[in-house]
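[1] build me a model from this:
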Amino acid sequence: MSAEVVVHGACPHDCYDTCGLRVYAQDGVIRRIEGDPDHPTTRGFLCFKVNHYMERLYHPDRVLHPLRRTGPKGAGRFERVSWDEAMAEIAERLREIIAAAGGEAILPYHFAGNMGALGGGALDERLWRRIGASRLERTICTASGNAALRWVFGKAMGPDPEAIPSARLVLLWGQNPMATNVHEIPLLDESRKAGGEIWTIDPLRTDTAKRYGRHLQPRPGTDLWLALGLGRELVVSGRYDREFIEQRTVGFAEYRAAAEPWTLGRTAEVTGLAEAAIAELADRIGSVRPLLLRPGYGVQRQGHSAGAVWAIAALSILTGAWRDVGGGLLLSNGGAFPLRSLSGPERKTRPVNMLQLGDVLTGHADPAVRALVVYNANPAATAPDQSQVLRGLAREDLFTVVHEQMMTDTAKYADFVLPAAMAMEVWDLHTSYWHRYVQLNRPAAPPPGEAVSNPEFFRRLARALGLEDEELQQDDLSLLREALATSHPWLEGITLERLMETPVQKLRLGVGTRPFIDTPVALPGGRMRLMPPPGALRQVTPPAGAGTDDFHLLTPSSRETIKSSFGNVATLRQGHPVPELLMVEEDMRRLGVTAGSRVRVHNERGEVVLTAVASDVPQPGTVVSYAVRWNHEANGRNINQLTSQELADYGGGATFYSVRAKVEAIAE
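    Residues are numbered from 1 along each chain as shown. This next block holds a predicted model:
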């Protein structure tokens, strides 16, 4: 046997933590994956999911060779073909479509299955620009929240999470780090040990809420009004930083007008919280420093997504929380990384919001989409209004190509499935939307079978289309050098050669650097905006109370999956072998539902059958089904049967958490 190889890797998945990994390989096979003990936020431990990564890496479902469909769409019947055969047939079909209907009849569909600078997309956009394909608006996860941050601050940036121990009041607003940001927990614990208060604001009684104790449980979808009620209380009581507002903001008058109707009484009525609890929290916000507001992306997956993020951000401005190290608002640090874009200038072709894929594939597009190329995504499971998405994917006249690691729900509808490499098998560069480290990911072993990386797939597709110029054939290491080729001072000295020696490099920003105080506000006049984003306060009505069989349905992330990723890892499903619906016992009694029985959950868009579980996680009138199971686990349908293609108030984001559904017991 050859000697063991140990390389640094980075977890590629759509997660705050972007963990540093140690990957061990021998004889061309990866044997073990561990958390990097030298990574300052990973600290040598991994989340529940990635601790089971070896089961995913060499899973029996892994696609190892190019496959061509032989049966009906969705049946998952394929035959093995060569890469040359597959590329030749794919290129021929794409050329025919371009000749007949133009490049915009081709739709690339991709998201964050891999977050690397190369794996997440580099050569793909260059190719789509050359052929004039439709331009995908990648909105399914963070669009409205990030748009609100750009509106208020000019970029998506917040304090360094390593400064969290300095905070003396942390509001975890719609964030559940026990499940989705586990490396934040030690930092929060350090804050609490030093005398800090950790409050959780969440409609669900999450593991995080249970851990820290101070939990406000507003009705789902009332975040905007709670934030405005807290802000009004600060203003009318005079507990706001007048100097900070006068010197560093615009729009205070507009903010006051928006907040004025939200008295403690009205806020309590709408949110379901006690007036005294709201007043107590306002008092703490107005008096404790450093103050850190830590919203999660859950607050911006509802109809007033950007409005909620804006109103929460306004609390950090009203209080002058940005003055303090560890204070301010941390939703995302994605805008802190000034890497050079590998995609080039934004394309000017027809935009398609990925949330409306169902509409687009079923006739609501001109020109009609005749080819769909999917990578880093599994829309058959994760896109909203699933029934319509599946009808579109089943079209015999839709030519679908999927570059994928596993035989996913989407892959089963493909005309061609091409095998994709995993992160531990390729070169890449990773940043984070939480911490401030740049990481080089080295390949530990070659991909199994005939799997190839994202850039290599697009190099091959470009050649098959007769496009062999340098821009479309650039190799991986030169792409990494290009990404780092910037004169921005925050990346000073962070080169590929330096990363080869030390693969984890922190941005040249100290932990004590205060965003928007020590760094500029990239807005006119260098001032933060307190006025609401355009349209964010359109005529939105607070959610209605639940009826006898009408519930607010929430579909948050769980610790076992990242949306549909890891969905086929058996060990991660052991505790929850079937898709579940969490309900409080009083709602179960009212509907005649018993624990372990099946229930029909439905609305105007579709239905799904789930197993009822008695739980203290939801509140009365709310039900929970964690997202997102593979479709075959629930008779070909998952919870996205019920979610909507409707867009949020600003930024074109998702409304996954603004869903009503009826629940009915099924007679056994």
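
[2] and the biggest strand by length in the chain, what's buried?
    In the chain, with assignment by DSSP state E, the single longest strand is strand 606-614. With burial defined by 16 or more other CB atoms under 10 Å, the residues of strand 606-614 counted as buried are 606, 608, 609, 610, 611, 612, 613. To be clear about C-beta, it is placed using only N, CA and C from the backbone, and glycine gets the same treatment.

[3] ok, and the closest non-adjacent residue to the last one?
    Sequence neighbours aside, residue 580 is the residue nearest to residue 613 in space, at 4.8 Å (criterion: CB to CB, 6 or more residues apart in numbering).

[4] next one: phi and psi at the one you found?
    Main-chain torsions, residue 580, degrees, to the nearest 10: phi -120, psi 160.

[5] so for it, what's the pLDDT?
    pLDDT, residue 580: 96.

[6] was I right to think it contacts residue 617?
    No. If you go by CB atoms under 8 Å, residue 580 and residue 617 don't touch, sitting 10.7 Å apart.

[7] all strands for the stretch 201-350 of the chain, in order.
    214-216, 249-250, 291-295, 328-329 (DSSP state E, counting those that start in this stretch).

[8] please identify the most buried of those.
    Per residue and on average, the most neighbours among these fall to strand 328-329, with a mean of 29 (mean count of other CB atoms under 10 Å).

[9] give me the sheet partners of it and which way each runs.
    Paired neighbours of strand 328-329 in the sheet (DSSP bridges): strand 291-295 (parallel).

[10] alpha carbons of the strand it pairs with, as PDB, please.
    As requested, the backbone C-alpha atoms of strand 291-295 are provided in PDB (Å, rounded to 0.1, in the frame of the first residue of the first chain):
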ATOM      1  CA  LEU A 291     -25.600  44.400  21.100                       C
ATOM      2  CA  LEU A 292     -25.600  41.800  18.300                       C
ATOM      3  CA  LEU A 293     -28.700  41.100  16.200                       C
ATOM      4  CA  ARG A 294     -28.200  37.700  14.600                       C
ATOM      5  CA  PRO A 295     -31.100  37.000  12.200                       C
END
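
[11] can you give me how far that strand is from the chain middle?
    Relative to the centre of its chain, strand 291-295 is centred 19 Å away, using CA atoms, centre = their mean, to the nearest Å.

[12] please tabulate the buried residues of strand 606-614 in a markdown table, including the columns distance to residue 228 and pLDDT.
    Shown next, in a markdown table, are the buried residues of strand 606-614 (distance: CB to CB, whole Å; pLDDT from 0 to 100):
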| residue | distance to residue 228 | pLDDT |
| --- | --- | --- |
| 606 | 34 | 97 |
| 608 | 35 | 96 |
| 609 | 39 | 96 |
| 610 | 35 | 96 |
| 611 | 39 | 96 |
| 612 | 36 | 98 |
| 613 | 35 | 98 |
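
[13] centre-most residue in the protein?
    residue 141 (4.2 Å; CA atoms, centre = their mean).

[14] and the helix or strand bottoming out on mean pLDDT in the chain, what's buried?
    When each helix and strand of the chain is scored by mean pLDDT, DSSP states H and E, helix 570-573 comes last, with a mean of 88. Within helix 570-573, the residues scored as buried using 16+ other CB under 10 Å are 572, 573.

[15] re earlier: from residue 643, how far off is the residue nearest to residue 613?
    If you measure residue 580 against residue 643 using CB to CB, to the nearest Å, the figure is 17 Å.

[16] tell me which of the two has more neighbours.
    A count of neighbours by other CB atoms under 10 Å puts residue 643 above the other of residue 580 and residue 643, at 29 against 18.

[17] go ahead and confirm that one touches residue 381.
    No. Proximity of residue 643 to residue 381 does not meet the contact threshold set by CB under 8 Å, at 11.6 Å.

[18] tell me what the longest helix seen in the chain is packed against?
    Counting by DSSP state H, the longest helix found in the chain is helix 83-101. Helices and strands touching helix 83-101, by 3 or more CB pairs under 8 Å, 6 or more residues apart in numbering; DSSP states H and E, are strand 67-69, strand 106-110, strand 371-375, strand 399-404, strand 416-419, helix 454-464.

[19] end to end on stretch 180-187, go ahead and measure it.
    15 Å (CA to CA, to the nearest Å).

[20] centre of the chain to that stretch, how far?
    The mean C-alpha position of stretch 180-187 is separated from the chain mean by 17 Å, CA atoms, centre = their mean.

[21] for that stretch, list every residue counted as buried.
    Within stretch 180-187, the residues scored as buried using 16+ other CB under 10 Å are 180, 181, 182, 183, 184, 187.

[22] not counting its neighbours along the chain, what's nearest residue 255?
    Spatial nearest neighbour of residue 255, excluding adjacent residues (CB to CB, 6+ apart): residue 530 at 4.2 Å.

[23] also residue 330?
    residue 158 (3.4 Å).

[24] dump the residue contacts of the residue nearest to residue 255.
    152, 245, 249, 250, 251, 252, 254, 255, 314, 317 (CB atoms under 8 Å, 6 or more residues apart in numbering).

[25] name the nearest of these relative to residue 202.
    residue 314 (19.8 Å; CB to CB).

[26] verify the contact between that closest one and residue 230 for me.
    No. Counting by CB under 8 Å, residue 230 is not a contact partner of residue 314; they are 9.5 Å apart.

[27] rewinding a little: C-alpha coordinates for the least confident helix or strand of the chain, CSV please?
    This file holds the C-alpha atoms of helix 570-573, laid out as CSV (Å, rounded to 0.1, in the frame of the first residue of the first chain):
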residue,chain,number,x,y,z
ALA,A,570,-29.3,6.1,5.4
THR,A,571,-27.6,6.8,8.8
LEU,A,572,-29.0,10.4,8.7
ARG,A,573,-32.5,9.1,8.3
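
[28] so what strands line up beside whichever strand or helix holds residue 663?
    Residue 663 belongs to strand 659-665 when elements are defined using DSSP states H and E. Partner strands for strand 659-665, per DSSP bridges, with pairing direction: strand 550-554 (antiparallel), strand 598-603 (antiparallel).

[29] which of the ones you listed sits closest to residue 327?
    When those are compared by CB to CB, strand 550-554 sits nearest residue 327, at 29.7 Å.

[30] buried residues in that closest one?
    Under 16+ other CB under 10 Å, the buried positions of strand 550-554 are 551, 552, 553, 554.

[31] can you name the residues bridging to the first one?
    This means residue 551. According to DSSP bridges, the partner residues bridging residue 551 are residue 661.

[32] residue 604: neighbour count?
    Neighbour count for residue 604, taken as other CB under 10 Å: 9.

[33] so, low pLDDT: which residues of the stretch 101-250 of the chain?
    For the stretch 101-250 of the chain, no stretch has pLDDT under 70.

[34] tell me where it has helices.
    Here the stretch 101-250 of the chain has its helices, by DSSP state H, counting those that start in this stretch, at 123-131, 143-153, 177-180, 185-193, 207-212, 223-236, 242-248.

[35] let me know which of the ones you listed is tucked in deepest.
    helix 143-153 (a mean of 26).

[36] show me the contact partners of that helix.
    137, 155-157, 295, 297, 299-300, 305-307, 309-310, 313-314, 317, 331-332, 334-335, 515-516, 521-523, 528-530, 533, 536, 648-654.

[37] do stretch 96-111 as well
    For stretch 96-111, the external contacting residues (CB under 8 Å, 6+ apart) are 14, 94, 121, 124, 128, 131-134, 136, 138, 140-141, 349-350, 352, 354, 357, 360, 367-377, 379, 399.

[38] now that stretch: buried residues?
    Buried residues in stretch 96-111, counted by 16+ other CB under 10 Å: 97, 98, 102, 103, 104, 105, 106, 107, 108, 109, 110, 111.

[39] redo those residues as TSV? Include distance to residue 172.
    Below are the buried residues of stretch 96-111 laid out as TSV (distance: CB to CB, whole Å):
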residue	distance to residue 172
97	48
98	49
102	48
103	45
104	43
105	45
106	42
107	38
108	36
109	33
110	31
111	25
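
[40] in contact with residue 628: list those residues for me.
    Taking CB under 8 Å, 6+ apart, one finds 381, 382, 555, 561, 563, 564, 567, 638, 639, 640 in contact with residue 628.
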